[in-house]
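> Need coordinates for the below:
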Amino acid sequence: MSLKSLLRLPLFVLALTFFAGAAHASFLIEPHLGYNISGSGERGSGASLSKYSYSGLQIGARAGYQVLGFMAGLDFTRSSYTFETKGVASTVNNDIDKNEVGIFVGYNLPILLRAWATYYFSNTAKYSSSTTETSGNTTELGVGFTGLPFMSINLMLRLVNFDEQKTSSTTVAISPAIDLTEIVIGVSLPLTL
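Predicted structure coming up:
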């Protein structure tokens with residue numbers, strides 16, 4: 001057996017292991033419900049400083065595949081809350097509906113825990129009092145406790161960035177962008193088929 005053949009053997013075994021695992025892949029569907037207990041951020045400084053705070057419900061679902069504990073797929077999340085903007089001179093409250101679409105990857109640990117990361121490439125927030133729509137992206141890091149049957153109790157840290165604002169006729173960049181931090185607790189039902 002040549003040296004080249006010996007070097008190919010580990011690659012062959014690795015590929016065979018992967019494809020054998022893929023043959024046992026499960027379809028994952030995971031409805032989730034959460035409550036944003038702390039959403040906050042600020043923008044600007046001095047006389048133009050604005051502070052943001054909000055909380056509210058989130059509902060959504062993940063769909064993808066799970067192989068040997070690894071999971072990956074798409075996530076859709078919808079949330080509604082009252083967004084409070086505190087400026088130096090005034091405070092304004094707006095009701096907002098937010099839709100997010102993203103991709104996630106994660107792993108189910110054998111010790112009743114799971115962890116994942118989600119990048120929401122589409123994040124749009126629409127104000128109920130106007131035609132203004134704000135868009136950007138969100139990064140989420142989550143951990144879940146899976147000790148209960150069919151249920152995961154979840155804690156998530158979410159970093160939200162809004163960098164564009166749209167009205168009925170124009171789209172403008174938000175500069176500086178609005179950066180927000182969210183802490184969400186919730187439950188989900190990770191079902192494999």
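> following the helix-or-strand element of the chain with minimal mean pLDDT, which helix or strand comes up?
Across the helices and strands of the chain, mean pLDDT, DSSP states H and E gives its lowest value to helix 3-22, namely a mean of 51. Sequence order places strand 26-43 as the next helix or strand after helix 3-22, per DSSP states H and E.
> And that following strand, what does it pack against?
Strand 26-43 is packed against strand 50-67, strand 70-86, strand 151-166, strand 171-188, strand 191-192, with contacts defined by 3 or more Cβ pairs under 8 Å, 6 or more residues apart in numbering; DSSP states H and E. No exception for glycine: its C-beta is placed from N, CA and C like everyone else's.
> can you rerun that using 7 Å?
On a contact count with 3 or more Cβ pairs under 7 Å, 6 or more residues apart in numbering; DSSP states H and E, strand 26-43 meets strand 50-67, strand 70-86, strand 171-188, strand 191-192.
> what inclination does it have with respect to strand 50-67?
170 degrees (axes from the mean of the first three to the mean of the last three Cα atoms, to 10 degrees).
> Flag every buried residue along strand 26-43.
28, 30, 32, 34, 36, 39, 41, 43 (16 or more other Cβ atoms under 10 Å).
> cool, and stretch 72-81?
Applying 16+ other Cβ under 10 Å to stretch 72-81 flags 72-73, 75-77, 79, 81 as buried.
> got it, and stretch 150-167?
Applying a neighbour-count criterion of 16+ other Cβ under 10 Å, one finds 152, 154, 156, 158, 160-163, 165 buried in stretch 150-167.
> What of stretch 182-190?
Under the neighbour-count criterion of 16+ other Cβ under 10 Å, stretch 182-190 has 182, 184, 186, 188, 190 buried.
> list the contacts for the fourth one?
Under the criterion of Cβ atoms under 7 Å, 6 or more residues apart in numbering, the neighbours of Ser188 are 30-32, 144, 152, 154.
> Adding distance to Pro176 and pLDDT, write these out as TSV.
Conversion of the contacts of Ser188 to TSV gives the following (distance: Cβ to Cβ, whole Å; pLDDT from 0 to 100):
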residue	distance to Pro176	pLDDT
Glu30	35	97
Pro31	36	98
His32	31	98
Gly144	34	97
Ser152	36	96
Asn154	31	98
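> Nearest to Arg114, out of the buried residues of stretch 72-81: which one, please.
Closest approach to Arg114 among these (Cβ to Cβ): Ala72, at 12.9 Å.
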